[in-house]
Structures are given as structure tokens and as C-alpha cells.
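**Student:** only the shape, not the letters, is given here:
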């Protein structure tokens, strides 16, 4: 199964901030008696539905030194249960025209099918079955571990830029599991045992640690009946204790001084990033939304100061972005990223970035604030269109410990942000030590 | 406590036993599909969600002033509208020598200022109103996509029309677009996947303009002037080459007027260039590109058939059996899995360009496993040709393709793009109604006849990239003569 973009913490940041509002105004949630949370997003445009089960367990929930369990388990979930033999899950979903996949992240793992409505019950049957009935022998386990190991080997060194960002993440997060590669290192993968997988499965794959999402041609009442019919009978395991708090590294580590600069002969152009580690803001903290606005102001548009200076005026970079990544059970990250036209532009780009931050204190006017708000909010309605998109938004927010109400309140919270709050966010940022990283080509070809 | 028991004759006992046994048998038979045995078909056919039937209706509209035809799909779930359009025979392969690169550059230049608006002002209006406007070019066509909120229809149409009819094409922004092209060139060199695709393209199409890419044409691209782009626009972005589709919350009347306002003032007729049919070089030996990477990637190619050919659906279905579908359950995927720990992606399909039709696929694995996997692909390819597919396999891919059909209605962008494709390929207004029947009607004999014709050892060529030092030596096919 494919891993999703979380691998790509930094490069993917421009795509982040899954905002939504009107989308989910129709969404409802309820709990079954066994603790399963159910989110329903009605969308009646066509008889199709996105069916997702999300487990609130990912890379950060693995035991120390045992990286890769969550991801290998995700693979093994397709390799059979007491009722179905290896490969049956995929065969049945595929034969019924469904698109099926799964993803493992630092904070959660999820399984999804996009399928014609009349086949939904089949998908629910199969998904509920593997919530408790996972079954694979040593041989299947060994084969799948080898597949995952090979994937890891392939991944390394195949995209030089990705390799680099993996190193950067590791250094930047200073031992926090959010900085570790999701699938584990090659060495870790080799050491995972069948029992490790079963322990993780027993501990976390239980209805009271899961969220069922139904997005598409369905109403809440039907969803309630079907959820009860297929998932209602599964007994909860009542996992106790919060894992996330203990997994976070001490606050002091946020102020670090490691920077990285590497030259590689497999790179053909340079990349540069400046990263700030910020706390995890709860959804009622205006600084969460102020940071979203600040990032968009700096780099989200052709009218943004970074675009104007770096790309248009000085011609130093071909792409540049500022992002605030808050969808995580851990700390949040404010980052700035640029692709350099020439590798010797690196210091100049960094200087301009810091200077732009400084100037923002004075240049960020009420008019600029209004403009950013409009930009951020006017397109939210498109998230209503594709039921799969709406469901993914719920995955990203709820998987990171935020709530459906937080998604629904997003528009309002953005609208309430004041210029002063953005300024405060900026000051907090400037108080935090920046971590910068750059990867440069050995030689650069120029036309 | 002792119980009173009725005394039965032996005959009665046997009779009642038989009766009970019979009842149990009947009960098991009755409940078999639901309780004792999992039957997916039963679950689907008896689902409470089953009785919804759905079939999208596409209408043809004609704009009142310009008399432009367009396809329309009305979908009122959200107050948003999507437009997809393309200009035929205007892609990178159609460009004459002195204009090579124009389509690629123009696609980025159309949003860099138009009419009275400079670059910043133009984009500000798009961003603030969440008007998503984009242009692109491939080998055959020049494309536009537009998504907007219904209330902003007038503004969205105006900005799109300005971009198409009076783009500023200023030198200072052209140099920016050229700079981006340089950067893309570097990326193509860096990324093994992209590099392999470009090289394969050059090897397959040898001297045909289909071989062109940003990589091979970088020097031509850097030579283009604003005047070149103007020439290209005048010559290719014309109404007679236009295909348009509209979907979303918009009535027939509104959509017709929208089409007029989008394309008013566009030149009427083109001066088309002639593109000859491409010969695809499958006959030359396999090729390998050396690069020190931990993943080896293989592409494979064979001749195909056109969209209009009788053999199109049979070949499509045969290819699906071999390496299609969700990619998880195909013959090659299964054979690769049966080998210890091989790869996680083999996928292939049938491609149809204006002047070339071919089969193509991709796989990747570690260098050590590469030749084993390549051999599996080759064996499965030849096996399909020699022995065909089974009735069961054919039914499975038909089921997949028919059951997945409703997913194309997931978003209005996709519906618009589908309708544009339908017009381009002349599939007819009722294609969406008929498509499942086309698939269902394909019979086993057709598939196996076409398989025999196309999945031959001669109609297969591999082009790969990876670290030869770690890949070992390829075992040559027993049948091949060196």
C-alpha cells in the first residue's frame, strides 16, 4: 500500500491546511455503545460513497527502537483474516469496482474504499471483519516484511531530495518520533517480529480507538443502522492512558542550533528550508489561526512578499512557500521553503526571508489581513464537491486530535483573527530559534 | 426429576429424525448465503442501498451568438461550475520548427497579465474569488480548466476570455517562464522516473515530433519571443479547433451564454499543421540506462489499437487482466507476489494519442530483483498471447470496470474532463449510458483473438533505468536468437 505525504513533511507543506467549513456543515457525528466514533457527511450527487476506518495509532505509538510496526501492520491487514484468505480483500473490493487503499502516518493509520453505494455493505463487512479477525502465519509475515524492506531500500537514494528531507526531519525533531521515517529504517524493519505486529494490533485496533467515516450518498439514520449492524457487535478493548503526552520531547528541545548544509552530486538544483518548532495549539487558541494567516500572507500568493522579492524582483528562486503545519498530535511547524535558481543564492535567500519577517511587523496592514482571509476562505465550498475530499479532511483533522466542531468552526475562527494576533504569532516565531537546512548540487548546469 | 417419555415406534423415530434432519437441511440451505457462508454477491444484491439507479445525462448545447457547440451536465449539489476546454491539434507535436516550445511557455504566460490587468492584479482577482483557472499543453492539445462559484460567473468568464484573447505576454514575465523551464529541465535530469519517461519517449518515437519534451527542446524553448507566442496563439487557439464542456450548478440557458462569453473575439479559423502518423519502435532491442540508484524502474511497450477500432475494448480488457484494475490483483501482480518479496507496483494500460496507439506499463523493484521481475512480465505477456484469458478472468475485469463507473461522477471537474474526452474521441452524446454495454458485450473469443495478435514476444519492448552494477546479468529468453 502507498504511504501518504506525511513522509514528505516539508515538501508537501504547500498542500497542507485542509480547511473546510460549509463542507462539513451537513456532517454529523455520533458514537456507538462500543465507543466507535462515526462521522457522516451526506452528499447525494451520485450513488457513491467513501468508507474509511481510522485508527488513532501510528508511528509515534510504536515502542522505542521498533520503528515500522504500524506500517507493516497496515500491509498485513490485506493478507487475510480468519474468514478470508490472503488477497481476498483486494479481490472482492476490486471486483466490485472499488478504489481501495490505506495510509500510515505518524499519528494515525487509515483504511479507505471509494465505492458504488450498493457495494457499501460489502466494504463494511470486510472492514469490520479485519478489525478483529486478522490472521496471518509466519510465512506470510516474513514475505510481507520483505516487501516492506524492499520498499524501504528502493526509496532510499532514489529521490535525492527526499533523502535529504528525511535527514532534516530527524535532526529538526531531536528524537521526537514525529521526526522518524514513518515506515521505520531498514534495520528496524528487519527486527520486527510477528508478535510485535499482533501486540500493536491487539492494543490499538479496537472500536473505541477508531473513527468510522461515511462520506457520500447516505443519510445519518441509514449510516447509524449500518454502523450498528457491522461494527456494533465488536467489543471494545478500552485502551487506557494517553500515549501522546509521553511521546513528546521536552519543550526545551525546541530551541536548538543544529543546521545542515550538504552538497550532493545527484542533485541538480538547490533547496533551502527554514523551520521553526512551535507548540501544539489547541483549537481554541487564536494563535493557531494567526499562524495560518501569517504563512499565507508570506508565501501563499503571487502578491505575497516572498514571491515578489525572491521570484519577481531578485530572481533568486523558482518556487518559494511558507507554511504552518498544525495537523499533528505533536508540536506544530512553521516553515519556509525555496528552490534556488542558483546554488550561490542560498545566503541571500535566507537573509531576505529573515528581513521579510522583520518587515512584516510594519507592513502587515488590516487591508492585507482582509485580503488573506478572503483568499483562505472563498474556495472552501469546493471541498463540498468530491465526497472523498471531504472525508480526507476529516481524516487529517480528527486523526490529529482535532474535532468535527473544529473543522466546522474553521471559517469563523479565521474571520475572528486580529492584526494584533498575527503580530503576536510573528513575535513568538521570532523568539524561537530557526533551524535552517540546505541541499546543494555539486555542479549546476546552466543554459 | 424423572421425565415422562412417550414411547415411539421405531418407524416413528426414523420418520421424525428424517423430518428434523430435513428441516435442518432446509434451514441451512436457506441461511447458507447469510449466516454460514460469506457470499459477497448475496450481500450486494440484498443491500438496503441497492435500489438507487443512476445514469448521468449529458446534453448538447449551442451558444446563441457564436454558435459554438458544447456538452453540458447539470449537477446542483453545490453552487459551483466547472468548465473544461481544449484546442485540438495544437500540442507540442504540432508546433512547426520555428515555434517549438510555444505551447509550453504560453500555458504559464496566459495567467501573467491580460487586458487591463498586470500580472499581480490579474491573479489577485482569481485568488480572492477562488476562481481556479489553469492552462496546459500535451503532445496533441492545448487545455484550459476553469472552476468557479456560481455567483462569480461573469468575472470568471471575463478573466478567462481576457487571458485567451489579450494576454500581455511581457518580456519580463517570459524570462520568468523560461527560468521555470530551466528549473524543470534540471528536475528532469535529477528525477529517475521523469528521466526514464523522456528517454523512452525519444527511443519509441525516434524522428516523429512525439519525441519532443521540455528536456529535448530546452534550447528551442529558451529562444522563443513574445512574438512567437502571439503567432502560436493566433494560429492554434481558434474557435474551429475548440471543444468545450460545462458541468455543475448551471442551466442550459446560462451555460450557452457562458460559452459565448468565454470565447468571444477568438480567431475563427486555424491554419492547421499536418502531423503524420507515428511509427512506434517496438522492434529495436531493449535498452537500459545506467544510474546509481537503489530502485530499478522498467517501462514496457507494445503496439496498440485506436479508440475507434473494433479491437479497442477487447484489447483494453485483455490488458486489464494482465496489469490493470486497481493494480493489486492482476496476473503480473499475482505472479510477482508469488515470488518472495517482489515489488509493490506493476501497472499498465492502453494509450491513444492522435497519431499513435500503444500499450504501456511500468514496474519497479530493487536492482537485485529487477531481471526476475522483468522475466515475469515477459512470461505473463507471452502466456496471455498464447493461451488467452479465462471466462472467469474476463468476467472479473468486466465487473470491476462496470462497478467502478459511478465513481467518475465524484467531482464536477472530472465530469467536465470526461465530456471533453468524449467529444475529442467522437464517442457520442450517449456514451455514458452505453459504456457499460460496450464492455459487457465483449466476448471471450474477441479478447483471445486480439490477445493472440498483440501479446506476442515481438510486440514487447523494455526500457529501464537503474544501477547495472547491482542488477546482475539478464537471462536471455530461451526462444530468442542472438
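**Tutor:** Thanks, I have it. In this text the structure is predicted, and so the values were computed from the model without any measurement.
**Student:** please count neighbours and contacts with C-alpha atoms only from this point.
**Tutor:** Will do.
**Student:** the host helix or strand of residue A:147 and chain B, any residue contact?
**Tutor:** Using DSSP states H and E, residue A:147 maps to helix A:138-155. Yes: judged by CA under 8 Å from any CA of the partner chain, helix A:138-155 and chain B are in contact via A:143, A:144, A:145, A:146, A:147, A:150, A:151, A:153, A:154, A:155.
**Student:** buried residues in that helix?
**Tutor:** Residues of helix A:138-155 classed as buried by neighbour count (16 or more other CA atoms under 10 Å in any protein chain shown): A:140-155.
**Student:** do the same with stretch B:86-106
**Tutor:** Across stretch B:86-106, burial judged by 16+ other CA under 10 Å covers B:86-95, B:99-106.
**Student:** get me the contact residues on the stretch 351-482 of chain B for chain A.
**Tutor:** B:365-366, B:396-397, B:399-407, B:409-412.
**Student:** measure the closest residue to residue B:333 other than its chain neighbours to residue A:73 for me?
**Tutor:** Take residue B:333 and drop its neighbours on the chain: the residue closest to it by CA to CA, 6 or more residues apart in numbering or on different chains is residue B:346, 6.2 Å away. Plainly put, residue B:346 is 22 Å away from residue A:73 if you go by CA to CA, to the nearest Å.
**Student:** re the thing from before, show me which pair in the buried residues of helix A:138-155 is furthest apart.
**Tutor:** Spanning the widest gap among the buried residues of helix A:138-155 are A:140 and A:155, at 22.6 Å by CA to CA.
**Student:** which secondary element of chain A has the worst mean pLDDT?
**Tutor:** Across the helices and strands of chain A, mean pLDDT, DSSP states H and E gives its lowest value to helix A:244-247, namely a mean of 44.
**Student:** which elements pack onto the following helix or strand past it?
**Tutor:** Per DSSP H and E, the first helix or strand lying C-terminal to helix A:244-247 is strand A:260-264. Helices and strands touching strand A:260-264, by 3 or more CA pairs under 8 Å, 6 or more residues apart in numbering or on different chains; DSSP states H and E, are strand A:435-441.
**Student:** the strand it packs on near chain B anywhere?
**Tutor:** No: using CA under 8 Å from any CA, strand A:435-441 stays clear of chain B, coming no nearer than 10.2 Å.
**Student:** okay, now the sheet partners of that strand, with direction.
**Tutor:** strand A:260-264 (parallel), strand A:271-278 (antiparallel) (DSSP bridges).
**Student:** is the very next helix or strand once past the last one anywhere near chain B?
**Tutor:** For strand A:271-278, the succeeding helix or strand toward the C-terminus, using DSSP H and E, is helix A:286-299. No: using CA under 8 Å from any CA, we find that helix A:286-299 stays clear of chain B, coming within 11.9 Å at best.
**Student:** now what about helix A:286-299, what contacts it?
**Tutor:** Applying CA atoms under 8 Å, 6 or more residues apart in numbering or on different chains, the contact partners of helix A:286-299 are A:17, A:281-282, A:304-307, A:320-324, A:326, A:334, A:368-369, A:372-373, A:413-414, A:417-418, A:421-422, A:424-426.
**Student:** near chain B, which residues of the stretch 251-400 of chain A?
**Tutor:** A:266-269, A:301-303, A:312, A:318, A:341, A:371, A:374-375, A:378-379, A:381-382, A:384-388.
**Student:** the residue of the stretch 51-200 of chain A at minimum distance from chain B: what secondary structure?
**Tutor:** Taking CA to the nearest CA as the measure, the stretch 51-200 of chain A has residue A:97 as its residue closest to chain B, at 3.9 Å. Secondary structure, DSSP: H, G, I helix; E, B strand; the rest coil: residue A:97 is coil.
**Student:** quick one: residues contacting it.
**Tutor:** Counting by CA under 8 Å, 6+ apart, residue A:97 touches A:115, A:116, B:399, B:400, B:401, B:402, B:403, B:404, B:405.
**Student:** what about the residue lying closest to it once chain neighbours are set aside, how many neighbours?
**Tutor:** Among residues not flanking residue A:97 along the chain, residue B:404 sits closest, at 3.9 Å (CA to CA, 6+ apart). Using other CA atoms under 10 Å in any protein chain shown, residue B:404 has 21 other residues around it.
**Student:** go on, residue B:23?
**Tutor:** 12.
**Student:** hmm, back to that, report the buried members of the residues of the stretch 251-400 of chain A next to chain B.
**Tutor:** A:266-269, A:301-303, A:312, A:318, A:341, A:374-375, A:378-379, A:381-382, A:384-388.
**Student:** and those residues, which of them are in strands?
**Tutor:** If you go by DSSP state E, those have residue A:318 in strands.
**Student:** now for the one helix or strand in chain B whose mean pLDDT sits lowest, which elements pack on it?
**Tutor:** Using mean pLDDT, DSSP H and E, helix B:10-31 stands out as the lowest-scoring helix or strand of chain B, at a mean of 71. Using 3+ CA pairs under 8 Å, 6+ apart as the contact test, no helix or strand touches helix B:10-31.
**Student:** was I right about residue A:65 contacting residue A:189?
**Tutor:** No: assessed by CA atoms under 8 Å, residue A:65 is found out of contact with residue A:189, at 10.0 Å.
**Student:** quick revisit: mind checking the backbone torsions on the residue nearest to residue A:97?
**Tutor:** Main-chain torsions, residue B:404, degrees, to the nearest 10: phi -90, psi -10.
**Student:** and it, what does it touch?
**Tutor:** A:96, A:97, A:98, A:99, A:115, A:116.
**Student:** including pLDDT, could these go into a markdown table?
**Tutor:** Output for these, formatted as a markdown table (pLDDT from 0 to 100):
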| residue | pLDDT |
| --- | --- |
| A:96 | 92 |
| A:97 | 92 |
| A:98 | 93 |
| A:99 | 92 |
| A:115 | 96 |
| A:116 | 94 |
